[in-house]
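**Q** return a 3D structure for these sequence lines:
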Amino acid sequence: MASTNQSPFYKKAEEKFLQAKTNDEKLEALREMIKECPKHKSSEKMLANLKTRLKKLETQITKSKKSGKSSKIGIRKEDMQAIIIGLTNSGKSSLLSLLTNTDPQIADYNFTTKNPIIGMMDYLSTQIQIIENPAIDSDYYDKGLVNTADTLLILITNLEQIKKIEEKLSKTIGKRIIVFNKIDKLNQTEKRKLSATLQSKKYNFVLISTKTQEGIEELKNKIFNSFDKIRVYTKEPGKEKSKKPIVMVPRSTVKDVAEKILKGFSEKVKETKIWGPSSKFPGQKIGLTHKLKDLDVVEFKTR
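**A** Next comes the predicted model:
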């Protein structure tokens, strides 16, 4: 679809089309390309081709929806997964950008996000999957992701929104954190009253501003602590421990860790030593049934 003498806006839209992962994203990019394509005689053929492609894609999407097939990409659930949910223009994309390594589209008009956007939050040596779900009041809202997430970040800008959002969360299993955004618009007295109200209702909450970044570090800590997980480091004899821990459920055994590294690996283990909270002394020799605690370091010696 290469073109000559096109504006930077057209080229950006074309790049967006080439990088699109879903039909909906391609559709949006094609519409931008048609809008930015020059309207003169030498570009008539190209414009006609773009319009033909657009019509074909629209037909394809319509058929896909009628057959019940989804054009969404599958999202592989990581060990720790949190999902941002809220009404349109509550600051979901800005929050995802502050928490993770992603750069989502941010605009001041409604329903900017049309597909779930994934980012990874690096916190205390762990990788936490953060997903921005399209607005709860839009046709793009993915309730399946919300129902299976470990933690729900309920992003609001006024207290009345909590009830409206919670009405749609009847089948969820995740822990909930109320995230009150845009506190840069409140004075200290208003912030104190807001905290007192949320405390009285026994909510797990944090007050933030995606504009000033106030409360973001506190939120990261709350997200991390919402998961019922332990971190276990591994090491080889004579070497340093791994930089990244293996995330496990509490009361996991040494065998569980070995099997998570590689299925069948526990059968090759000849000797195991441990350092950390569950050890009686550094370098204690233990068996495969030993139950681990957060921040333990396990050394495997194989046959």
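
**Q** and residue 126, its phi and psi?
**A** phi -110, psi 160 (degrees, to the nearest 10).

**Q** what's the distance between it and residue 178?
**A** Separation of residue 126 from residue 178 (CB to CB, to the nearest Å): 23 Å. Just so you know, the C-beta spots here come from the backbone N, C-alpha and C atoms, and that holds for glycine as well.

**Q** residue 229 too?
**A** According to CB to CB, residue 229 and residue 178 sit 22 Å apart.

**Q** pLDDT score assigned to residue 282?
**A** Residue 282 carries a pLDDT score of 96 in this model.

**Q** my error: substitute residue 112 in the last question.
**A** Note for residue 112: predicted pLDDT of 58.

**Q** same check on the one 5 residues further on?
**A** Listed pLDDT for residue 117 reads 88.

**Q** tell me the mean pLDDT over the helix or strand harbouring residue 96?
**A** Assigning secondary structure by DSSP states H and E places residue 96 in helix 92-99. Mean pLDDT, computed over helix 92-99, is 93.

**Q** check stretch 200-217 too.
**A** Mean pLDDT, stretch 200-217: 96.

**Q** equivalent analysis for stretch 59-79, please.
**A** For stretch 59-79, the per-residue pLDDT averages 62.

**Q** how far does it stretch from start to finish?
**A** 38 Å (CA to CA, to the nearest Å).

**Q** in the protein, what residue spans correspond to helices?
**A** Using DSSP state H, the helices of the chain run over 8-19, 23-36, 44-66, 92-99, 143-148, 160-166, 188-200, 216-225, 254-261.

**Q** and the helix holding residue 96, how far from the chain's centre?
**A** Remark: helix 92-99 is offset 10 Å from the chain centroid, using CA atoms, centre = their mean, to the nearest Å.

**Q** for stretch 79-88, same thing?
**A** Counting by CA atoms, centre = their mean, stretch 79-88 is centred 7 Å from the centre of its parent chain.

**Q** just stretch 244-260 next, same as before
**A** With CA atoms, centre = their mean, you get 23 Å for stretch 244-260.

**Q** in the protein, which residue is most central in space?
**A** For the chain, the residue nearest the mean C-alpha position is residue 130 (2.0 Å; CA atoms, centre = their mean).

**Q** do you know how far that one is from residue 101?
**A** 10 Å.

**Q** do the same with residue 259
**A** Look at residue 259 and residue 101: by CB to CB, they are 30 Å apart.

**Q** so which of these two has more stuff around it?
**A** residue 259 (16 against 11; other CB atoms under 10 Å).

**Q** which residues does the closest residue to residue 28 other than its chain neighbours contact?
**A** Nearest residue to residue 28 in three dimensions, chain neighbours excluded: residue 114, at 7.3 Å (CB to CB, 6 or more residues apart in numbering). Listed by CB atoms under 8 Å, 6 or more residues apart in numbering, the contact partners of residue 114 are 24-25, 28, 134, 140.

**Q** can you pick the most crowded of those residues?
**A** When neighbours are counted by other CB under 10 Å, residue 134 leads the contacts of residue 114 with 21 neighbours.

**Q** per-residue confidence at it?
**A** What the model reports as pLDDT for residue 134 is 91.

**Q** that one is in contact with residue 143, isn't it?
**A** No. Using CB atoms under 8 Å as the test, residue 134 is too far from residue 143 to be in contact (10.6 Å).

**Q** where does pLDDT dip in the chain?
**A** Low-confidence segments of the chain (pLDDT under 70): 1-5, 63-74, 103-113.

**Q** now do the contacts for residue 213.
**A** Neighbouring residues of residue 213 by CB under 8 Å, 6+ apart: residue 98.

**Q** mind checking how far it is from residue 117?
**A** The gap separating residue 213 from residue 117 is 20 Å, by CB to CB.

**Q** please apply the same query to residue 46.
**A** For residue 46, the distance to residue 117 - CB to CB - is 31 Å.

**Q** same question, residue 130
**A** Distance of residue 130 to residue 117, given as CB to CB: 9 Å.

**Q** before we move on, what about residue 266?
**A** Separation of residue 266 from residue 117 (CB to CB): 38 Å.

**Q** which residue packs closest to residue 246, ignoring adjacent ones?
**A** Among residues not flanking residue 246 along the chain, residue 232 sits closest, at 5.0 Å (CB to CB, 6+ apart).
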